[in-house]
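Engineer: got a structure for you, letters missing:
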């Protein structure tokens, strides 16, 4: 009897292992170029979960759907944990997803989603919209010519056509007291790594790269967001835009090139509101032909929104390459702290080109920055039209440590410590 029980246990274990092996097997889908075949085939594979491998050329060029009980249109809905990977064809070319209004809409609850090695060509509004996830990896993708839409602009409360290559957030409206989003939709590690994104800036439109709005909620839904190693270019608004993060957000080792077209008062990297922010080792060329733009901007909204605190901006290589003759306005700076920001640390950045100021602390949104520190930033070769460091009225306890710079100080308790 004991021997029979042992045999039964072995058989049960083997059956369970086999079942697990079957469940973990990849589902392969090959593109046909017919959207009426490709979209349902990818949706059916994604619905099975596990690992979905896509090969060839897929067309998503047909009308989107808005499933019952949802608000936003999309092509394929990712509703559970799944890994979606492209596989190069016999010529080594990446898997192509062509067209489609939001080709992948991720609404996975607490599921973890991986999307990697896909080439998105001319998606509408977004290549990927992540509405909820308990973990995310978007890696090694190529995104080309994201088409702005009036629909996405209206959803975000904007007047112009809008696009964002990768959007993470439940509500595209910039979060504020009236539109808080749904930060509880997200948790865990959210990583956007080593993607090549050519957004395709167009005059009269708002085009962004990676956008993260109202994601994570303390204390039990904290997130760690990594936007690292990406090459993002041809944007009219931020290449990286973090707003109201419940947790930590990192932007490191990205190469960001704006192109000439800009929306008004734009920033290449924008950090807004609550969150722990680190911006490090990025290479930025801010070439917008507009005198009201900023390279890296830390911004606090008016109360009752929580202010941005203790942002760290370190070891970035930033060129403000506006054309000769550009007239600079108050918002023009390479690196700026704006509004009720507290404790921003700007360290060891290399700044070249021209703007109103290299470094700025600016009153905005009914408040002024406090305890901003600028240490060992290299501004040799930078030409300011007003001052190397501009300290606005109301700013308090600003500290500048470094080689002697041209200072315009309207603040309180500003400290300058020159170094050789």
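Structural biologist: Received it, and whenever you're ready, just let me know what you need. Because the structure is a prediction, the values reported are computed rather than measured.
Engineer: from now on I want contacts and neighbour counts done on CA atoms only, so please keep to that.
Structural biologist: OK.
Engineer: what residue ranges in the chain score low on pLDDT?
Structural biologist: Applying pLDDT under 70 to the chain flags the ranges 1-24.
Engineer: now do the helices in it.
Structural biologist: Secondary structure of the chain (DSSP state H): helices at 2-24, 35-47, 150-155.
Engineer: which residues does residue 331 contact?
Structural biologist: Listed by Cα atoms under 8 Å, 6 or more residues apart in numbering, the contact set of residue 331 reads 265, 292, 293, 294, 356.
Engineer: so which of those are in strands?
Structural biologist: Using DSSP state E, the subset of the contacts of residue 331 located in strands is 294, 356.
Engineer: which ChimeraX command selects the buried ones in the contacts of residue 331?
Structural biologist: Applied in ChimeraX, the following selects the buried portion of the contacts of residue 331 according to 16 or more other Cα atoms under 10 Å:
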select :292,293,294,356
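Engineer: residue 26: which of the contacts of residue 331 is nearest?
Structural biologist: Nearest to residue 26, judged by Cα to Cα, of the contacts of residue 331 is residue 294 at 45.7 Å.
Engineer: partner residues bridging the closest one?
Structural biologist: Bridge pairing for residue 294 (DSSP bridges) gives the partners residue 267, residue 333.
Engineer: show me where the stretch 301-420 of the chain has strands.
Structural biologist: 312-314, 317-321, 333-338, 345-347, 350-362, 373-375, 382-391, 399-402, 407-409, 415-418 (DSSP state E, counting those that start in this stretch).
Engineer: which of those is buried the deepest?
Structural biologist: Most buried of the strands of the stretch 301-420 of the chain by mean neighbour count (mean count of other Cα atoms under 10 Å) is strand 333-338; its value is a mean of 28.
Engineer: that strand vs strand 317-321, what angle?
Structural biologist: 110 degrees (axes from the mean of the first three to the mean of the last three Cα atoms, to 10 degrees).
Engineer: strand 333-338: how far from the chain's middle?
Structural biologist: Counting by Cα atoms, centre = their mean, to the nearest Å, strand 333-338 is centred 19 Å from the centre of its parent chain.
Engineer: residues touching it, excluding its own?
Structural biologist: Residues contacting strand 333-338 (Cα under 8 Å, 6+ apart): 293-300, 318-320, 344, 351, 355-364, 368-369, 372.
Engineer: of the contacts of residue 331, closest to residue 225?
Structural biologist: Nearest to residue 225 out of the contacts of residue 331 is residue 294 (Cα to Cα; 22.7 Å).
Engineer: could the contacts of residue 331 be laid out in JSON lines, adding distance to residue 245?
Structural biologist: Shown next, in JSON lines, are these (distance: Cα to Cα, whole Å):
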{"residue": "265", "distance to residue 245": "22"}
{"residue": "292", "distance to residue 245": "26"}
{"residue": "293", "distance to residue 245": "23"}
{"residue": "294", "distance to residue 245": "21"}
{"residue": "356", "distance to residue 245": "30"}
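Engineer: now, the most widely separated pair of the contacts of residue 331?
Structural biologist: Greatest spatial distance in the contacts of residue 331: 265 and 356, 13.3 Å, computed using Cα to Cα.
Engineer: can you pull the contacts of residue 208?
Structural biologist: Applying Cα under 8 Å, 6+ apart, the residues near residue 208 are 163, 164, 165, 199, 235, 236, 237, 238, 239, 240.
Engineer: looking at those residues, spot the one nearest residue 395.
Structural biologist: Using Cα to Cα, those come closest to residue 395 at residue 238, 25.3 Å.
Engineer: ok, and the closest non-adjacent residue to that closest one?
Structural biologist: Closest residue to residue 238 apart from its sequence neighbours, by Cα to Cα, 6 or more residues apart in numbering: residue 268 at 4.5 Å.
Engineer: again, but for residue 273
Structural biologist: Spatially, and ignoring its direct neighbours in sequence, residue 273 is nearest to residue 308 (4.4 Å; Cα to Cα, 6+ apart).
Engineer: do the same with residue 164
Structural biologist: Distances taken as Cα to Cα, 6+ apart put residue 208 closest to residue 164, at 4.5 Å, once the chain neighbours are dropped.
Engineer: that neighbour and residue 238, how far apart?
Structural biologist: 5 Å (Cα to Cα, to the nearest Å).
Engineer: again with residue 344
Structural biologist: From residue 344 across to residue 238, the span is 20 Å (Cα to Cα).
Engineer: contact partners for residue 291?
Structural biologist: For residue 291, the contacting residues are 322, 326, 327, 328, 329, 332, 355, by Cα under 8 Å, 6+ apart.
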